[in-house]
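S.K.: Generate coordinates for the sequence data below:
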Amino acid sequence: MILVAFYVVIGFFAFYIFSPFFERAFRKRTLVTGMTAQENLRFRKEEIFGALNDLEYDYKMKKMAEPDYEQLKETLTQEAIDVMKKLDQPGESAGHHEAERNRKVRS
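M.R.: Next comes the predicted model:
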C-alpha cells in the first residue's frame, strides 16, 4: 500500500515537472534573437540590479555570511558600473565591447 502511494506521488511530481513541455504555448515560445547591443546591455543591467536586490534580501534574512555577501556585492556592483559605462558611451558599438570582453576572458 505504501509502495503504491509512493509511486502515485512520484507520478504526480513527474507530471508537474514535465507538463510545460507539452503545452503549445511553451513549445512555440522563441528567444528574441534580433536584439541590438544596446538592448542587450539594458537587459543585462536589469539582471544585475535584480541580482543585487536578491543578494541584499538573502543577506538580511541571514542566508549568507557577511564575507560572501561583500564579495558578491562588490562583483555585481563593478559589473553594473561597467555595463552602465558602456551604455553611456555614444558612438561606440557595444559589439566592440563584447569582443574586448571576450578577449579579456581568454587571456
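S.K.: Geometric centre of the chain: which residue is closest?
M.R.: residue 47 (5.9 Å; CA atoms, centre = their mean).
S.K.: Okay, that residue and residue 83: tell me how far apart.
M.R.: Separation of residue 47 from residue 83 (CB to CB, to the nearest Å) stands at 9 Å. For every residue, glycine as well, the C-beta is placed using N, CA and C.
S.K.: Got the domain ranges for this protein?
M.R.: 1-30, 32-106 (automatic domain parsing).
S.K.: which one of those domains is the most hemmed in?
M.R.: Per residue and on average, the most neighbours among the domains of the chain fall to domain 32-106, with a mean of 12 (mean count of other CB atoms under 10 Å).
S.K.: who touches residue 2 in this structure?
M.R.: Residues near residue 2 by CB atoms under 8 Å, 6 or more residues apart in numbering: none.
S.K.: pLDDT value on it, please?
M.R.: What the model reports as pLDDT for residue 2 is 87.
S.K.: again, but for residue 104
M.R.: 51.
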